[in-house]
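Visitor: Turn this into a structure:
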Amino acid sequence: MRRILFLIFILNITPLIFSTSPVFAQKRSVTVGVVIDGPWENNDAIRKMAIDEILALTEKEFDVHFPESKQIIADWTLPGIHAAIKKELQDPQVDLVLAMGVIVSSEIARLGPFSKPVIAPFVIDAHIQNIPMLDGKSGVRNLSYISLPAQFLRDIKMFQEIVPFRKIAILINGAVGESVPQLYPLVRESLEALNAEPKIIAVEKDISSALLQLTDDIEAAYLLPLLHLNSKEFDRLVKELIERKIPSFSLLGVDEVERGIMATLSPDVFPKITRRIALNFQRILLGEKPEELPVGIAIDDRLTLNMTTARAVGVSPPFTI
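Guide: Next up is the predicted model:
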């Protein structure tokens with residue numbers, strides 16, 4: 001009888017033991033919705049970099065999914081981006097929203113509080129956009145963002161050390177300018193402090209109208225990220241700048257200098273940002289509140305020159321450069 005009771009006890013308690021054992025515990029499933037500003041030839045590479053980092057950090061504790069049906073590439077317009085954001089936020093199957101773009105990050109960072117975690121890693125200078133910040137954190141329920149410092153003054157100072165100029169064209173994606181209108185006064189104030197006169201030119205997917213605004217009095221060109229341009233149009237822009245002997249400087253970084261832009265101070269920032277995305281993602285899944293994660297990030301300076309382009313536009317950098 002005792003033996004029978006013992007067997008019954010073992011049979012009853014065994015499922016409980018195995019169900020609570022860490023070895024047999026089921027990992028929590030997490031579905032991620034992704035919103036991207038619009039089509040860009042490097043979207044897949046940057047998205048894969050971020051996903052790989054996230055999975056590497058979380059695979060032991062969580063079962064994270066990025067279903068194609070929950071990844072939305074918008075159309076570089078504010079209405080299109082707002083519709084994509086709304087769809088992801090209202091989707092009951094999406095547990096966390098990742099905003100992979102400058103425009104979508106800026107737009108979504110103004111919409112909280114949220115009922116689910118949101119990570120917006122490409123906010124251009126939260127201060128100039130008046131995006132909520134409290135003690136270096138968002139302070140908005142379920143919002144985690146990364147504030148990328150606006151480096152206009154730094155870049156223009158270096159640009160002027162390489163080649164003197166007064167009249168400079170600022171080339172900007174029109175949708176970015178619409179989303180972040182504070183960029184315009186920031187650019188003007190930064191340039192006026194350096195005795196430079198800006199001409200802000202909104203660049204559309206077809207650069208023809210922008211080229212018409214590159215008048216003969218333009219002495220230099222500064223490129224804000226023009227990710228909406230396909231390779232053909234970007235290469236066409238580079239070719240026109242060189243043929244018109246207009247020195248150029250990129251905010252985005254080394255990739256554009258390798259393609260013919262004359263100079264940049266920005267290294268490849270995407271590996272650092274995607275690593276930070278993954279760390280924030282992991283911390284949120286482990287229970288930290290998104291609104292309590294730091295928003296600041298340090299971006300190093302590293303001057304890169306395309307000397308073939310410099311010679312083609314007639315620039316001979318000083319010995320100190």
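Visitor: Quick check: pLDDT value at the residue lying closest to residue 278 once chain neighbours are set aside.
Guide: Leaving aside its chain neighbours, residue 278 sits nearest to residue 53 (3.6 Å; criterion: C-beta to C-beta, 6 or more residues apart in numbering). To be clear about C-beta, it is placed using only N, CA and C from the backbone, and glycine gets the same treatment. The model reports residue 53 with a pLDDT of 96.
Visitor: Which residues are in contact with residue 53?
Guide: 274, 275, 277, 278 (C-beta atoms under 8 Å, 6 or more residues apart in numbering).
Visitor: for it, phi and psi?
Guide: Per-residue torsions, residue 53: phi -60, psi -40 (degrees, to the nearest 10).
Visitor: and residue 100, what does it touch?
Guide: 34, 35, 36, 37, 43, 46, 47, 50, 121, 122.
Visitor: please redo it, this time with the cut-off set to 10 Å
Guide: 34-37, 43, 46-47, 50, 71, 73, 119-122, 273-274, 277 (C-beta atoms under 10 Å, 6 or more residues apart in numbering).
Visitor: Which of those residues fall in strands?
Guide: When DSSP state E is applied, the contacts of residue 100 are split such that 34, 35, 36, 71, 73, 119, 120, 121, 122 fall in strands.
Visitor: ok, so what distance separates the residue positioned nearest the centre of the chain from residue 102?
Guide: Nearest residue to the geometric centre of the chain (C-alpha atoms, centre = their mean): residue 122, 3.3 Å. Note on residue 122: its distance to residue 102, by C-beta to C-beta, to the nearest Å, is 5 Å.
Visitor: okay, and the common contacts of the two?
Guide: Joint contacts of residue 122 and residue 102 (C-beta under 10 Å, 6+ apart) are 37, 148, 225.
Visitor: got these as a markdown table, with pLDDT, distance to residue 318 and neighbour count columns?
Guide: Shown next, in a markdown table, are these (pLDDT from 0 to 100; distance: C-beta to C-beta, whole Å; neighbours: other C-beta atoms under 10 Å):
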| residue | pLDDT | distance to residue 318 | neighbour count |
| --- | --- | --- | --- |
| 37 | 95 | 38 | 31 |
| 148 | 89 | 29 | 20 |
| 225 | 89 | 28 | 21 |
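Visitor: any chance of these in TSV, plus distance to residue 176?
Guide: Formatted as TSV, the shared contacts of residue 122 and residue 102 follow (distance: C-beta to C-beta, whole Å):
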residue	distance to residue 176
37	9
148	13
225	7
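Visitor: ok, so of the residues you listed, who is nearest residue 287?
Guide: Nearest to residue 287 among the shared contacts of residue 122 and residue 102 is residue 148, at 26.8 Å by C-beta to C-beta.
Visitor: Not including adjacent chain positions, what is the nearest residue to that closest one?
Guide: In space, residue 148 is closest to residue 124, 5.6 Å off (C-beta to C-beta, 6+ apart).
Visitor: Tell me how many other residues surround that neighbour.
Guide: 25 (other C-beta atoms under 10 Å).
Visitor: Show the backbone phi and psi for it.
Guide: According to degrees, to the nearest 10, residue 124 has phi -80, psi 110.
Visitor: In the chain, what helix or strand scores lowest on average pLDDT?
Guide: Every helix and strand in the chain was compared by mean pLDDT, DSSP states H and E; the lowest is helix 2-20, with a mean of 48.
Visitor: what distance separates stretch 247-264 from the centre of its chain?
Guide: 18 Å (C-alpha atoms, centre = their mean, to the nearest Å).
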